[in-house]
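**Student:** Give me coordinates for this.
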Amino acid sequence: MKIFLGIEFLFLLLSGATYSQTDFPLLDKYISELSSNDKSSGHLLVSKDDTIIYSNAFGFQKDNIDENTKFIIASIAKQFTVAGLILLERKGEIDLEAPISKYISELKCFGNVKVIELINHQSGIPDLYGEEGILVQMPDNSVTSNNQFINDFATLKLKPLFAPGLKYEYSNTNYILLASILERITKEAFAPWMEKNLFKPNGLNNTGVISLNTSTIALDNSVSGMVYSNANKKITLAEKAQETAEMVRSTGNLLGQGAMFSTPSDLLKWTSLVYTGFFNDEEKQRIFGVLVDDDSSQYSFGWELENSNEFGRIAHHSGRWPGWNSNLEHQIDNNVTIVYLNNLEGKDYEYPDFYKIRQIVAGTYYDLNKTNIYKYVGNYQTEDGKNDVLVARDNELFKVYGEYELKLIPRSKTRFELQGFAPTVTYEFTFDDQDNIIESRMFQKGAGVDVKFTKRSK
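**Tutor:** The predicted structure follows:
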């Protein structure tokens, strides 16, 4: 969802990362805050130059979690589905530029969509989920296999949301179709083919394809996906919670878009392989050499590519399924990998701020605390008398916005971001020689206005 405040976005170039720390007390503190009161449970792993520099199990199941614990990885699985297709491409068994009708003849309405447009979410095919998704239009809102999905989908005779290749729009349906294409070409089931041709040959011995219609992985050294159920007033398996049971039941058997498990250590190994051995130079250029403007992003072959002024080029992907949250990212220019796997969405679950984690690891995070927070508190005013009030509470800074208080996240001493806005709403503060704030600016990309405030009072 995009939220505009009527202000223009600019970018501030920050100091470079040093990665000189040997321990991360701020990261320990942040992870502890995220997992307190049974809000989350899981593992965070960070590596630099393929050496682990941080590894921490957290939350109410932390004593049963380590770097080799199996989690559902949800949409991180998409990059593995793509890797399988590239293996077929190397052998000349698939043409990524071919229309999908070459492999799936049933979907006549989408026959001119190219395989590559499925991969990069440019197909115009509706998503499986959502109020207007494909699932709610299915005969019984439930599908037991990819083949059944294709057959039921074909009967709907839907039209593309837009002309293929015209724009990007994320759709899980694309990857269900990709897994089905792989099966039809190889004449083998998706799960054993991926294990035999991708996972085992590359030493990913704790990664595999699995049905998501149960919240329990039921393998050695694994955890179960849990949620806090408001209906049940307790933490329970996602498959048993009133709020999530139907989603788990109805589409858990669909493959390609997220039905895989892995471990922190396997995902770290995979990320290293991606850049050092699995893809050849031509493939890496095609996948990761996409031109991305500064502080913008683009989807490419199962990865979200970002070009950050502060961290350089980043390839990442997040994932979510009831009871499971994940994020895998690799900072290409800094050779830093961050793996986050979580198996509990508690009552007050909060998805981590990975920009903050990046900064803590790089040693550039600005720690807002009781010694500096009150520099920012006060009434700010535009030339025409419009007020902007900032207040502090529990060492956190907030913007007063009508009856609401909007949290400001520190990115540096002079730059903050309003939490929960896309495109990002940024605050930039100017200090005088006595280290006092004299003015602020607030801006958001695409809104057309740049607002400057002068600080009037504390």
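**Student:** Buried ones in stretch 259-276, by neighbour count?
**Tutor:** Going by neighbour count (16 or more other C-beta atoms under 10 Å), the buried part of stretch 259-276 is 259-272, 274-275. In this view, the C-beta of every residue, glycine as well, is placed from N, C-alpha and C.
**Student:** Low-confidence regions, the stretch 251-400 of the chain specifically.
**Tutor:** Residue ranges of the stretch 251-400 of the chain with pLDDT under 70: 291-292, 294-296.
**Student:** now the strands for it?
**Tutor:** Listed in chain order, the strands of the stretch 251-400 of the chain (DSSP state E, counting those that start in this stretch) span 260-262, 296-300, 303-308, 312-321, 324-331, 336-342, 344-345, 378-381, 387-393, 396-401.
**Student:** quick one, which of the ones you listed is nearest to K70?
**Tutor:** K70 lies closest to strand 260-262 among the strands of the stretch 251-400 of the chain, at 4.8 Å (C-beta to C-beta).
**Student:** Against which helices or strands is that closest one packed?
**Tutor:** For strand 260-262, the contact count by 3 or more C-beta pairs under 8 Å, 6 or more residues apart in numbering; DSSP states H and E identifies strand 71-72, strand 208-209 as packing neighbours.
**Student:** As JSON lines, those with distance to G225 and mean pLDDT would be great.
**Tutor:** Formatted as JSON lines, the helices and strands packed on strand 260-262 follow (distance: least, C-beta to C-beta, whole Å; pLDDT from 0 to 100):
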{"stretch": "strand 71-72", "distance to G225": "6", "mean pLDDT": "98"}
{"stretch": "strand 208-209", "distance to G225": "16", "mean pLDDT": "98"}
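**Student:** hmm, back to that, which members of the buried residues of stretch 259-276 occur in helices, if any?
**Tutor:** Counting by DSSP state H, the buried residues of stretch 259-276 place 264-272 in helices.
**Student:** possible to save those as a markdown table with distance to N327?
**Tutor:** Below are those laid out as a markdown table (distance: C-beta to C-beta, whole Å):
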| residue | distance to N327 |
| --- | --- |
| P264 | 11 |
| S265 | 16 |
| D266 | 15 |
| L267 | 10 |
| L268 | 13 |
| K269 | 17 |
| W270 | 14 |
| T271 | 12 |
| S272 | 17 |
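**Student:** Out of the residues you listed, which is nearest to R320?
**Tutor:** Checking those against R320 by C-beta to C-beta gives L267 as the nearest, at 15.9 Å.
**Student:** sorry, back to before: redo the strands of the stretch 251-400 of the chain as a markdown table? Include distance to Q122.
**Tutor:** As requested, the strands of the stretch 251-400 of the chain are exported to a markdown table (distance: least, C-beta to C-beta, whole Å):
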| stretch | distance to Q122 |
| --- | --- |
| strand 260-262 | 23 |
| strand 296-300 | 8 |
| strand 303-308 | 14 |
| strand 312-321 | 17 |
| strand 324-331 | 22 |
| strand 336-342 | 27 |
| strand 344-345 | 31 |
| strand 378-381 | 43 |
| strand 387-393 | 40 |
| strand 396-401 | 36 |
